[in-house]
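K.L.:
sharing a model prediction with you, sequence too.
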Amino acid sequence: MENRIYVSVDVCFDIYGQMLPTNIKWEDGSVYPIDKVTDIRQAAAAKSGGQGDRYTVMIAGREKYLFFERSCARNGNLIGSWFVERKAV
């Protein structure tokens with residue numbers, strides 16, 4: 001999808017197994033720390049389509065959406081991919 005930018009994300013898991021992103025690594029190698037996760041819900045990516053988990057995160061005081069798209073694989077260690085939606089220009 002051309003409206004998606006796939007990114008590397010560092011995550012931690014809390015004692016209940018909830019996956020929480022801590023840093024986003026952009027395509028140019030820049031790393032952005034996530035200050036806070038304010039919401040996690042199943043939601044569609046409005047600009048690029050598809051269904052997944054939408055994380056509302058705070059980065060440098062600004063609210064952003066980060067999406068986790070689950071893999072259809074039934075085995076192996078590939079559980080999904082992270083992406084952000086490209087800004088409209």
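P.N.:
Received, thanks. Residues are numbered from 1 along each chain as shown.

K.L.:
gap between Arg41 and Arg86?
P.N.:
Using Cβ to Cβ, to the nearest Å, one gets 21 Å for the distance from Arg41 to Arg86. The C-beta positions use only the backbone N, C-alpha and C, and glycine is treated the same way.

K.L.:
out of those two, which sits in the busier spot?
P.N.:
It is Arg86, of Arg41 and Arg86, that has more neighbours when counted by other Cβ atoms under 10 Å, with 13 against 8.

K.L.:
wait, doesn't the more buried one sit right on Ile5?
P.N.:
Yes. Under the criterion of Cβ atoms under 8 Å, Arg86 lies in contact with Ile5, with a separation of 5.7 Å.

K.L.:
run through this structure and note the low-pLDDT ranges.
P.N.:
1, 46-51, 88-89 (pLDDT under 70).

K.L.:
quick one: contacts for Ile79?
P.N.:
When contacts are counted by Cβ atoms under 8 Å, 6 or more residues apart in numbering, Ile79 touches Arg70, Ser71, Ala73.

K.L.:
got the contact list for Arg41?
P.N.:
Shown in contact with Arg41 (Cβ under 8 Å, 6+ apart): Asp53, Arg54.

K.L.:
repeat that for 7 Å
P.N.:
For Arg41, the residues meeting the contact criterion (Cβ atoms under 7 Å, 6 or more residues apart in numbering) are Arg54.

K.L.:
would you mind measuring from Gln42 to Tyr65?
P.N.:
For Gln42 relative to Tyr65 (Cβ to Cβ), the value is 13 Å.
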